[in-house]
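Chemist: Here is the input, now give the coordinates:
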Amino acid sequence: MSPEIRLSTTPAHARHGSSIGQPLTRRDGALKVTGGARYAADNHPEGMVHAVLATSSIARGRVTFLDLDAAKAHPGVLAVMTPANRPPLAEDPDAKLHPFMFRLDLLQNDLVRYAGQPIAVVIAETLEAATEGAALLAPRYETLPARVGLDGDTPFIPAAVGIGNPAEVRIGDVEAGLAGAATRIEAVYETPAQYHNAMEPHAIVAAWDGDALSIDTPSQALAMAQGRIAGLFGIAPDNIHIRSPFLGGGFGSKGFITGPQALGILAARMVGRPVKLVLRREQMYGPVGHRAPTRQRLRLGVGRDGTLTALGHHAKTTSSTYDDFFEPAADVAHTLYASPAIATSHEAVRIDTGTPLFMRAPGEATGSIALESAIDETAWACGMDPLAFRLKNYAEVEPISGKPFSSKALRECYAQGAERFGWSRRPFAPRQMRDEDGLLVGWGMGTATFPALMFQAEARAVLKRDGTGVMESGTHDMGQGAWTAFAQIAADALGLDMARTEFRAGTSDLPDAGIAGGSAHTATAGMAIHHAGAAVIARLADLATGDARSPLFGAGNAGVVARDGRLFRRGDESRSESYGDILARAGLGEIDARGTSAADPDAQASYAMHAHGAVFAEVKVDPDLGQIRATRLVGAFAAGRVINSRLVRSQYYGGMIWGVSFALHEQAVADPRSGRILNANLGEYHIPVNADVPALEALIVEEHDPHVNALGIKGVGEIGVTGTAGAVANAVWHATGRRCRRFPIRLDDLLTGR
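Modeler: Next up, the predicted model:
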């Protein structure tokens, strides 16, 4: 196993004692900043050739001609793969055998279902030759009118949204609650299509050896990828070895095997040589998922005492013409604010686009910016401070289910965030503050929430006679610092110092760590690691307490404590023995054990499990030009037990920056005539650069959750998006007095008052 996967380097400031809770620097940091980290496309096996996609320039129709002779005649071109000669597959790429299987475009026919769809693959000795060969194909099409946007086709009610969530949920009588309200608001908010745009593009290096397949590719779910490839190619999963030690970002887009990855494997099979296929930036706007646009209608009713009487949240979204994923935007209204009547519903239209998929905080990101804006509008209509209104409608139990929360420190988040930000100095009315340059200043806030999820995972723990330990789990680190946090959990579980603990991850031959998604990876794989450590310590304790020669004889499993490479007798720590001595006396070089994790169905049935937070934003707006700058953000978040505060704050910062991007920058623009994305690059698809990032502060609010899992861990990766986007939008209103309901907020929206 290569050094970059073992990651046994120890931070200089690691110490003896508990590793959990220490703000350690990233174990992989030195490799990344020195160029030692090897990403998928950095691999160059002997005999490797290059594959390049040719993609459709239309959104709907069929390919009628490809100039194969011209492409094949180009020097260096080895083959051109088309629907006519693509190697066979064992499984229909349009099959959908379970909810987590999505349909792929693998040259199964000449139909075009969206702009940017792969229509051929050119394989050549060099990247330049493959690129030229793809350009020489000069495709011609039979074109049909493209269906584009939220009004591009007839709407319908989907069977489910997200993964199996009901499209409509109701409690109480919303219409009666609205009719009897002293104050009512109704508003429509629109969010655009967005694309993941991870720094590392999707890439694959694939090599066949008979029926054995070796792959380097970024993956957020190694075992799931292994299973999908096995099904497509009709080989045993054990014959597939995937290496994914480093991911340059994923945000959900690398959670599933995509069409381009499978085409790279097919290309390697076709030419009988290792093949590298890397997507160009513009090719990531189509076959690898995105966040669908939404149009959301919010209706809120409030009684004379300032409490909600009704909350209605309806979302319209889009999906592709050939698959089913529907953004569950309205579902965020289930969890945040107390109301006797709540109704959420969804409708969708099918358009000529690549299938939308999970993108950081799917549903919650799109839904929360609308809900938080509507809550702000309602507070203003009631004459109440936005924070006071939220506290007035604080949900002591989950509104939609009536379940108690497993833990909820949102009041503390409100209090700490407001105090740090200086919220008490906020003028009630908008357009009351200016800075020394005459810019309008506005303050806004938003509530953050994200479910505390857990999936299934496995880990293997090893204790060695030399006093060191190894923990193995095929975990995924896409920049969130997972390997560092998991190494801390592993060291704690093994009762060893970090310097004596090796953590192995990033390959498919290790125990299945589940999926790095849903802000659940630390809880999921972390619990498997914790259980594996407990299991191997129990085995070691059995050896010692059952041996009359040991000072721990007769203590039993419950009578010993593991710490610093020794077992101590509980209540009498003068009696102890090192791991090495126990194993040596037993004649063993090492012992191992496995651990698993899964959500507790009883706890899930009894409690609502969420992380919470509050974000406070300051913006400055040029009153004449409408230019907006976010200048200050303070977020306070409660997400259970913190494994590493340095990494947690980093995740909060990333989420808050994405919230700024959502509110002010990010939008994919489709040509209404052709269906093509017009800004499919990082020059015109705007995301925040350093100059756009305000002063950030993330407060970690202490929270103990005895129910969510044994370690008390909740996720932190996505929650920062959900409060920030609404906070920024509300701050823009407070600065200008203009309520913008279309995102991202544009200059012309402020100048025209749309």
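
Chemist: Phi, psi for the nearest residue in space to residue 190 that is not next to it in sequence please.
Modeler: In space, not counting the residues next to it along the chain, residue 190 is nearest to residue 742; the distance is 4.7 Å by C-beta to C-beta, 6 or more residues apart in numbering. Quick note: C-beta positions are derived from backbone N, CA and C, even for glycine. Main-chain dihedrals, residue 742, degrees, to the nearest 10: phi -120, psi 130.

Chemist: any idea how far residue 150 is from residue 742?
Modeler: According to C-beta to C-beta, to the nearest Å, residue 742 stands 12 Å off from residue 150.

Chemist: More neighbours: those two, which one.
Modeler: Using other C-beta atoms under 10 Å, the more surrounded residue of residue 742 and residue 150 is residue 150, with 19 against 15.

Chemist: Now do the same contact list for the more buried one.
Modeler: Residues near residue 150 by C-beta atoms under 8 Å, 6 or more residues apart in numbering: 190, 293, 294, 295, 316, 317, 318, 349.

Chemist: Now do the same for the residue nearest to residue 586 when sequence neighbours are not counted: helix, strand or coil?
Modeler: Nearest residue to residue 586, sequence neighbours excluded (C-beta to C-beta, 6+ apart): residue 543, at 5.0 Å. Secondary structure, DSSP: H, G, I helix; E, B strand; the rest coil: residue 543 is helix.

Chemist: Compute the distance between residue 543 and residue 551, please.
Modeler: According to C-beta to C-beta, residue 543 and residue 551 sit 13 Å apart.

Chemist: More neighbours: which of those two?
Modeler: residue 543 (19 against 16).

Chemist: how close does residue 519 get to residue 96?
Modeler: 26 Å.

Chemist: higher neighbour count, the two?
Modeler: residue 519 (25 against 13).

Chemist: what's the spacing between the more buried one and residue 640?
Modeler: The spacing between residue 519 and residue 640, counted by C-beta to C-beta, is 11 Å.

Chemist: Count the residues that sit near the nearest residue to residue 183 once chain neighbours are set aside.
Modeler: Leaving aside its chain neighbours, residue 183 sits nearest to residue 302 (4.4 Å; criterion: C-beta to C-beta, 6+ apart). Residue 302 is flanked by 27 other residues according to other C-beta under 10 Å.

Chemist: re earlier: next, show the common contact partners of residue 519 and residue 640.
Modeler: Here residue 519 and residue 640 have 452, 611, 714 as joint contacts, going by C-beta under 8 Å, 6+ apart.

Chemist: Just the buried residues out of these, in ChimeraX syntax.
Modeler: In ChimeraX syntax, the buried subset of the shared contacts of residue 519 and residue 640 is picked out as below (16 or more other C-beta atoms under 10 Å):
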select :452,611,714
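
Chemist: one step back: my guess is the residue nearest to residue 183 contacts residue 380, does it?
Modeler: No: the criterion here is C-beta atoms under 8 Å, and residue 302 misses it with residue 380 at 11.3 Å.

Chemist: related to what we said a few turns ago, could you tell me which residues touch both of residue 742 and residue 150?
Modeler: Any residue near both residue 742 and residue 150 by C-beta under 8 Å, 6+ apart counts here, and that gives residue 190.

Chemist: Just the pLDDT for residue 571.
Modeler: We have a pLDDT of 87 for residue 571.

Chemist: Kindly report the same for the one 3 residues further on.
Modeler: Note for residue 574: predicted pLDDT of 90.

Chemist: would residue 720 count as being in a strand?
Modeler: No: checked against three-state DSSP, residue 720 lies outside a strand; its state is helix.

Chemist: Wait, it touches residue 637, no?
Modeler: Yes: in terms of C-beta under 8 Å, residue 720 counts as a neighbour of residue 637; the distance is 7.3 Å.

Chemist: Between those two, tell me which one has more neighbours.
Modeler: Legend: neighbour count by other C-beta under 10 Å for residue 720 and residue 637, higher for residue 637 (33 against 29).

Chemist: For that one, give me phi and psi.
Modeler: Dihedral pair for residue 637: phi -130, psi 140, per degrees, to the nearest 10.

Chemist: Show the contacting residues for it.
Modeler: Contacts of residue 637 by C-beta under 8 Å, 6+ apart are 413, 448, 611-613, 652, 698-701, 716, 719-720.

Chemist: if we go to 6 Å?
Modeler: Contacts for residue 637 (C-beta atoms under 6 Å, 6 or more residues apart in numbering) come out as 613, 652.

Chemist: And it, how far from residue 447?
Modeler: Taken as C-beta to C-beta, the span from residue 637 to residue 447 is 11 Å.
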